[in-house]
Every structure is written in structure tokens, then in C-alpha cells.
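Peer 1: 3D model of this:
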Amino acid sequence: MGPRPKVTVNEDGDYSVSTTGECTVTSTSIHITVSDSANPTVSPSGPISFCLGDSVILTSSISSGYLWSSGATTQSITVKAAGSYSVTTSGICAGTSSATAVAILPATNPTITASGPLTFCQGDSIELTSSDGISFLWSTGETTQSVTVKAAGSYSVTTSGACGGISQATIVVVNASAIPTITASGPLSFCLGDSVTLTSSTASHYTWSTGDTTQIITIKVAGNYTVTTPGLCAGVSMPAIVSLNSFLAPTITASGPLNLCIGDSVKLTASWHQDTCGAHPIRPERSLSGTAAFIQYLYQVLVVILLYLS
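Peer 2: Numbers count the residues shown, from 1 in each chain. This is a model prediction of the structure:
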């Protein structure tokens, strides 16, 4: 038996073979069918790069016999995690698709930068600024990149973008001003030689307008007195206004001329004010005869006046 001829077939058709020689013989023909490649393709339902929490649907082009690289066996799968996804189909010409790479975009949660300390005194303020974004929405309702904050609270900002996010909360603390108060031991208006004690409300340190650094001071002189206390929110008290009452000397009124002849007389009337600093009472009126008596009584009145002025 001679060598067996071979032929390579890659097209559809009927194929037979004949022998040559005295007796030509032809074989029965056979039909060859060449099928298309069964390598499927994968179609995504949307972008294959998306934000955390989103997803994409991958669908195979072949309608039967699926085995995805994830282990799923359906024609379509929902993908939420980053990775490389392919599908293999079964059949006479089984094939595997090209890989589809799915990526998760990093979250762009904004950050907040403060212009100063987050703890400050009442009446002060601070500016909070968001990192870059397309648009901004603060927890206060404001839509600018920066906001000015005067009140204590928790502040956050939401930004938009490919993967817009929300910032961590920024806590702002506002301390009340530590304004001291002054308590007086008695009236703030008193007589020369008297005094009043001024006491500051409790604090760690004290600085009076007099330069004293104790909680309590004694005041004998008229003036405005304040106290300052230290701390994060140092304050100055309202002034305590101290005044001194004056002595009011008595006055003398004559009923007639002060130049008298012997045997004549004039009535002298003394008047005075009984003020908070007191007055020594004198006889309100007296009739004097003669120069000597007048001089004597005038001397007594002058003594009283000098007592008031001393």
C-alpha cells in the first residue's frame, strides 16, 4: 500500500478523493462546516470607572453557556468592585472574551481648613475654607468655598465632582467673656476720712485700675475703679464710681446794720445744712447788744465755721 495523501481544510465545502490508474475510484464526499469563532465580547452598561458605591452591568454577547471570571453563570453580571472581568462560553468553538478592567475612583471627600484656633471668645469669629471642588454646600446652607463662623457648633461641607463627598465635622467652641463684677461694702458716696471696700468676683488673678492685684481693695479717694481678670477671654469690669461728700459750712444773716452804737442791737440768724457728712448744730439766732457782745458771738460762729472747714 502506497502513502496516504493528506489535505488541510479550513473552508466550508464537500470534500472527496479519487485514485488514478487503470481503475479510477472516487470516495464518498464529506461536508465540512467551518463555524465562526465563539469568543464573546463584553458590553458595559456605563462607564467602567466609577465612584465607590456605584456599579456597572457587564453583558456577554453570546446567549448561552457562560462562565464569568467572577464565577457567575448568567449572561449579565453587576460589578461593584474594581478588577478584571472576562467571560468564557462553551460549545463547539468555546472562547473567552478580552478582559474588561473596572476601576473604582477615589473618594474626593473635602477637607476643612480653619483660619485660626477653633476655640475663641464671644464676639470673635473664624473662617472655615473647603478644599477645591466644583460646588459647595455647607451644613449652614451656604454655598461658598469659605464661610465665617461666630457661633459654636459642628460644621461640615459637601462638594460635587466625579466622586463628590462630605467632609468630617469641624467642631467650633465659643467661650463666654469672663467679665468680672465689683461689689461694694457700702455706699460709694461717703465723707472725707471714710472709705469703702471693693471686691472683685472670683478669678485666678486680678489687676485693678489702681495697680492693686488682690481681690479686695479699700478706697478712700474719689474716682472710677475697674478690675481686669486674665484668661482666654479676659474681661474688664464696669467701673465703680466713688465720690466724696463735701462739708457745708453754716451761714449768718443779720437783721440790720452790723455797725452798732452802744445800747443798740442786731439779731443774727445762723443756718446750716444737715448733709451726709453731718453738721454741728448752733443756736439758730441770737440778739446781741453792743460791740463786745457782737464780737463774742461772731467769734463763736467763726469757730464753728472753721470746724466745718478743717
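
Peer 1: only C-alpha atoms for contact and neighbour calcs from this point on.
Peer 2: Will do.

Peer 1: measure Val174 to Trp208 for me?
Peer 2: The span separating Val174 from Trp208 equals 27 Å under the rule C-alpha to C-alpha, to the nearest Å.

Peer 1: Give me the buried positions along stretch 73-82.
Peer 2: Of the residues in stretch 73-82, 73, 75-77, 79-80, 82 count as buried by neighbour count, 16 or more other C-alpha atoms under 10 Å.

Peer 1: For Thr140, state which of the residues you listed is nearest.
Peer 2: Ranking those by separation from Thr140, with C-alpha to C-alpha as the measure, puts Lys80 on top at 33.4 Å.

Peer 1: can you tell me which residues contact Gly256?
Peer 2: Gly256 makes contact with 266-267, according to C-alpha atoms under 8 Å, 6 or more residues apart in numbering.

Peer 1: low-confidence ranges in the stretch 51-200 of the chain?
Peer 2: Confidence mapping of the stretch 51-200 of the chain against pLDDT under 70 gives the ranges 63, 176.

Peer 1: ok, which stretches of it are helices?
Peer 2: Secondary structure of the stretch 51-200 of the chain, counting by DSSP state H, counting those that start in this stretch: no helices present.

Peer 1: Can you give the distance from the helix or strand encompassing Ile252 to the centre of its chain?
Peer 2: Assignment of secondary structure by DSSP states H and E places Ile252 within strand 251-254. The gap between the average C-alpha position of strand 251-254 and the chain average comes to 74 Å, counting by C-alpha atoms, centre = their mean, to the nearest Å.

Peer 1: Whichever helix or strand comes after it: partners in the sheet, and parallel or antiparallel?
Peer 2: Next helix or strand after strand 251-254 toward the C-terminus (DSSP H and E): strand 265-271. Strand 265-271 pairs in its sheet with strand 251-254 (antiparallel), strand 285-289 (antiparallel), by DSSP bridges.

Peer 1: Using PDB, write down the CA coordinates of strand 265-271.
Peer 2: Presented in PDB, the C-alpha positions along strand 265-271 are these (Å, rounded to 0.1, in the frame of the first residue of the first chain):
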ATOM      1  CA  SER A 265     -28.600 145.600 119.000                       C
ATOM      2  CA  VAL A 266     -28.900 143.400 115.900                       C
ATOM      3  CA  LYS A 267     -30.400 139.900 115.500                       C
ATOM      4  CA  LEU A 268     -28.000 137.300 113.900                       C
ATOM      5  CA  THR A 269     -29.600 134.200 112.400                       C
ATOM      6  CA  ALA A 270     -27.400 131.100 111.700                       C
ATOM      7  CA  SER A 271     -28.500 128.500 109.200                       C
END
